[in-house]
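1. model the following, please.
(chains A and B, ligands or ions: 1)
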Amino acid sequence: MEFLQPADWAEALAVKAAHPDALPIAGGTDVMVDLNFDRARPGALLDLTRVTDLTDWGTDGDWLRVGAGVTYRRLIDELAGRVPGLALASRTVGSPQIRNRGTVGGNLGSASPAGDAHPALLAAGALVELASVRGTRRVPVTEYFTGPKRSVRTPDELIAAFLVPARPGAEQFAKVGTRNAMVIAVCSFALSLDAATRTVGTGIGSAGPTPLRATEAEAFLAAELPWETRGAVPESVAARFGELVGSAARPIDDVRGSADYRRHALAVLARRALAWAWTDPGGAV
Amino acid sequence: MTVSTVAPATVEGGVGTSARRPDGILKVAGEFAYSSDLWADEMLWGATVRSPHPSAEIRAIDITAAVALPGVYAVLTAADVPGARHYGLEVVDQPVLAIDEVRYEGEPVAIVAADHPETARRAAARITVEYAVRAPVTDPEDALSRGDLVRHVPVRRFASAGGTALTADVVVTGTYEVGMQDQAFLGPESGLAVPAEDGGIDLFVATQWLHVDQKQVAACLGLPAEKVRLSLAGVGGAFGAREDLSMQVHASLLALHTGKPVKMVYGREESFFGHVHRHPARLSYEHGATRDGKLLYVKARIVLDGGAYTSSTPAVVANAATLGVGPYDVPTVVVEAYGVYTNNPPCGAMRGFGAVQACFAYESQMDKLAAEVGLDPVELRRRNAMTTGSVMPTGQLVHGPAPVADLLALVRDRPLPPAATGDPRERPGGVANTTRGEGVVRGVGYAIGIKNVCFSEGFDDFATARVRLSVVGGEPAVLVHTAAAEVGQGLVTVQAQIARTELGVTKVTVATADTSVGSAGSSSASRQTYMTGGAVRAACQAVKATVLARVGRAGELALVDGKVVASDGAVVASLVDLLGNDVVEETVEWRHKPTRPLDPVTGQGDAHVQYAFAAHRAVVDVDTELGLVRVVEIATAQDVGKAVNPQAVVGQIQGGTAQGLGLAVMEEVQVVDGVIRNPSFTDYLIPTILDMPPMAVDVLEMGDPDAPYGLRGVGEPPTISSTPAVVAAIRAATGRPLTRVPVRPEHIAL
Ligand SMILES: Cc1cc2nc3c(=O)[nH]c(=O)nc-3n(C[C@H](O)[C@H](O)[C@H](O)COP(=O)(O)OP(=O)(O)OC[C@H]3O[C@@H](n4cnc5c(N)ncnc54)[C@H](O)[C@@H]3O)c2cc1C
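-> This next block holds a predicted model:
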């Protein structure tokens, strides 16, 4: 197996173009598991950890642009105020060791329906920046996932960054697992309430073949929320929102939980997240 | 000459002190050599081909593509087994390699040796096995009606002669289920087999009982036992999962075949197929009582799924049956316990061994009964608590201390933990931000359990110890040699403590356990401190008698600080002078008092050696809408007779309790149609530090006059009652019946 170590971004793209089947490796927390279990035997590994551009973040117009190689640890420490929902999600990823190594770029690269960054990115209306020697494109994350562990990324492309609105809404993220730490989501839910645009963003994890948006629930809530008065959310609105989120899921029965439970739990999470985001626009606890 | 054998009260690093473990720092620093770290020059790596089907006929095995792979040294199938083609702990029924059929998913079919582990795995993948797949038998009740019975143990005892009518003012019934738990030891099955010049094998392996392995391996290799020499390699946990053979015969076969050392190490996934699990069980109970909560009768039917082979199922069934009503005085008992064969993964020994399943059922019933008669659950239990002089359902009189009521009072009287502080790590769901208090209800639950210590039913249970006293470097020094397996429980430390106490010598070395000394029996049944501890003590006392005989002086003499001391404290001689260049060595085979078989019809008989008890109180916070549980605190009280090493005792209590908590809320090997769906630590979840709460531990030391130092086996009781205590607490918080463990979120929330 070849081990390719580009020194910078331009070289990384060139190497990827020359070796489209080389497997990128960032934190390695998915890649090394696959190698260990003999699930993947790539001809070459493309090590991205020397590409410093990938570990930068900064504003880009109305957007906050975060390099694909920024770890969960850094998201929590440096960006909790700017990406509150994603920071909440980051806290739930694996263990301290995994958060020290794992990256959102890697989460997007694996494109698992259970990836914890994805619901938060969906709710925030994020863009995924994909690049190749052919050029750079920004894909709405809502269009990024095409199936279980599949995305629109072409073999010669790398993930450069993700972008979220520089001014976040009130964001929440919650994840259900069958133990209190180090657990893959049975289901997860992210919410973003943007008072300025009076829009609602949602993201559902681990309850369908891809991470999902609850589009109908978003439209319903955007129309029903008392944006003007900022009064209490009527119980009936919260309950209906929960139902719509539950029914937007496309869960299955598996070892981690039943489809019925996932729908039920998503409805509960949606109601709770709504209450927290509405009363505490600051987001993170 | 009369020589006193009374040992001094406390000796530095002796019995009753928390002497430091020699492996502690190495393990924490990651430097301890486990069986998976073994290495020999020129060694080969073994790999195993396993059946993907729970039941199939083998039509053909084609190994040509595997043999053709460069780097492959051997590919063996059943036809290559030179000796017995089956093995087993007591019933010899499990094929070394499948013969014409496979009976469970993961059954070994062929083995490969190659010069690289990857090559071995690739070669294994190139072996094609033609299967004719059969419909597996996976429902234990079906198996029972087909007559696929491993063992039926009835226990029948009636308050009045001939009175068989079971009637009472208050009757509660319930059917309970226990899922398949895994021991989840962290060091996977592994070892190194080295071919010897005499045509034999030196096998370095992580196991629980070297001699029972030796016997089985020798039979399968067609060698006399003395040509199969086993040494204990570093064991990364056992919990019963190393009682049965895994890679022992396979690695030895490959080593004999190739003439090279062969190492085998299972991966985590393979490990789930490489060892037996805890028996899943279905238990139907009926409890009859008076209106004031005095038990009149218990009727129970227990079905344990033994899976494809016998393993230790017969003894597990006997435990479930004889301990099936719990630590209570019950005038009339009718228990029918069955173990059956299915095409599910084989089940055998796991910490608690049949007592775990029964305890979940009888303690759930006790709570139900308490609610029915309007009594506090602890009060109901205390009213029925057995005590010294009680008679077990088997008719066995309980001689030693049985402080059941006291243990319950201890956990009940502990102050309750404060409300959660708001730290997200204290909430159900942990940092996953699922609640800020919404839906969270606190619950408290109690349970107590009973366990037999040592081997039962007339088994000739013994342990051997060799103790040598000599002068090394101008100091008296002791070498203790046994075949007892240190599986992480601290047995090496305990053996040295006993030698220090008995011989008054600080410098004690414990030799690596191997088969060049007699059997120590298994590190199971909470028996090893009792048995090998007892043997070491007896051997030390024999050494002491020999040494003191040299003094040639009557009167009470003791060994203290390397000196022979008279009863008035006067030093009579130093060991250094007394021994000179001599070596005093004694080997003792030590037995506990004999037990009796159970009557096959009535289940009566003095089958057990010693009973051990632990009580638990669990406090939980449950998110009743999401079904997530956070165990807030567990209080426990256990009688250990004598805490030989207090720190190790508390360690056993904490670890055992965690394992019981795991069974209560998360641990299950999920098997569908005979196929394991979650053979990984991604989906077989064990508690993390955020799941295991702080514990309040009370250790009682009520000496058992029959046991060495009065000690009582410690390892298993904590695992038994923690499960029902946690579930009782969840029931208290939710009002749900929760008749199955592990409790899953959907059982609470839907
Ligand atoms: C013990 C453990 C616990 C875990 N817990 C969680 C959890 O709770 N939640 C969760 O969501 N995940 C979890 N994971 C999975 C993993 O940590 C995450 O998916 C993580 O985000 C992967 O990031 P990484 O940088 O390690 O990716 P890597 O393993 O390096 O790569 C993952 C994939 O992305 C590709 N890739 C990486 N970077 C790029 C790039 N710039 N361009 C194109 N492709 C790229 C790789 O080729 C690979 O296919 C866990 C993993 C482990 C081992």
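
2. any idea how far the residue at minimal distance from the centre of chain A is from the ligand?
-> With distances taken as Cα atoms, centre = their mean, the residue of chain A nearest its centroid is residue A:118 (2.0 Å). Residue A:118 sits at a distance of 8 Å from the ligand (criterion: Cβ to the nearest ligand atom, to the nearest Å). For glycine as for every other residue, the C-beta is placed from the backbone atoms N, C-alpha and C.

3. for that residue, helix, strand, or coil?
-> Under the three-state scheme (DSSP: H, G, I helix; E, B strand; the rest coil), residue A:118 adopts helix.

4. what's the answer for residue B:655, then?
-> Classification of residue B:655 using three-state DSSP returns helix.

5. would you agree residue B:100 is in contact with residue B:60?
-> No: with contact defined as Cβ atoms under 8 Å, residue B:100 and residue B:60 do not form a contacting pair (10.7 Å).

6. for chain A, what lies in contact range of the ligand?
-> Chain A comes close to the ligand at residues A:23-31, A:33, A:48, A:68, A:92-94, A:98, A:101-103, A:105-107, A:109-110, A:115-116, A:158-159, as judged by Cβ under 6 Å from any ligand atom.

7. which of these come close to chain B?
-> Restricting the residues of chain A next to the ligand to those near chain B by Cβ under 8 Å from any Cβ of the partner chain leaves residue A:92.

8. and chain B, what are its domains?
-> Domain assignment for chain B, taken from automatic domain parsing, gives B:8-32+B:462-591, B:35-135+B:196-235+B:242-266, B:281-456+B:598-748.

9. sorry, back to before: and the residue nearest to the centre of chain A, what does it touch?
-> A:107-108, A:141, A:145, A:203, A:205, A:211 (Cβ atoms under 8 Å, 6 or more residues apart in numbering or on different chains).

10. how close does it sit to residue B:619?
-> Per Cβ to Cβ, to the nearest Å, residue A:118 is found 36 Å from residue B:619.

11. filter the residues of chain A next to the ligand down to the buried ones.
-> Taking 16 or more other Cβ atoms under 10 Å in any protein chain shown as the criterion, what is buried in these is A:23-31, A:48, A:68, A:92-94, A:101-103, A:105-107, A:109-110, A:115-116, A:158-159.

12. domain ranges for chain A?
-> If you go by automatic domain parsing, chain A breaks into A:2-46+A:56-165, A:170-279.

13. relative to residue B:338, which of those domains is closest?
-> In terms of Cβ to Cβ, the element of the domains of chain A nearest to residue B:338 is domain A:170-279, at 28.4 Å.

14. run the chain-centre distance for stretch B:332-342.
-> 21 Å (Cα atoms, centre = their mean, to the nearest Å).

15. now stretch B:739-750
-> Distance of stretch B:739-750 from the chain centroid (Cα atoms, centre = their mean) equals 27 Å.

16. repeat that for stretch B:456-470.
-> Counting by Cα atoms, centre = their mean, stretch B:456-470 comes out at 19 Å from the chain centroid.

17. can you give me the end-to-end span of that stretch?
-> Using Cα to Cα, to the nearest Å, the gap from the first to the last residue of stretch B:456-470 comes to 37 Å.
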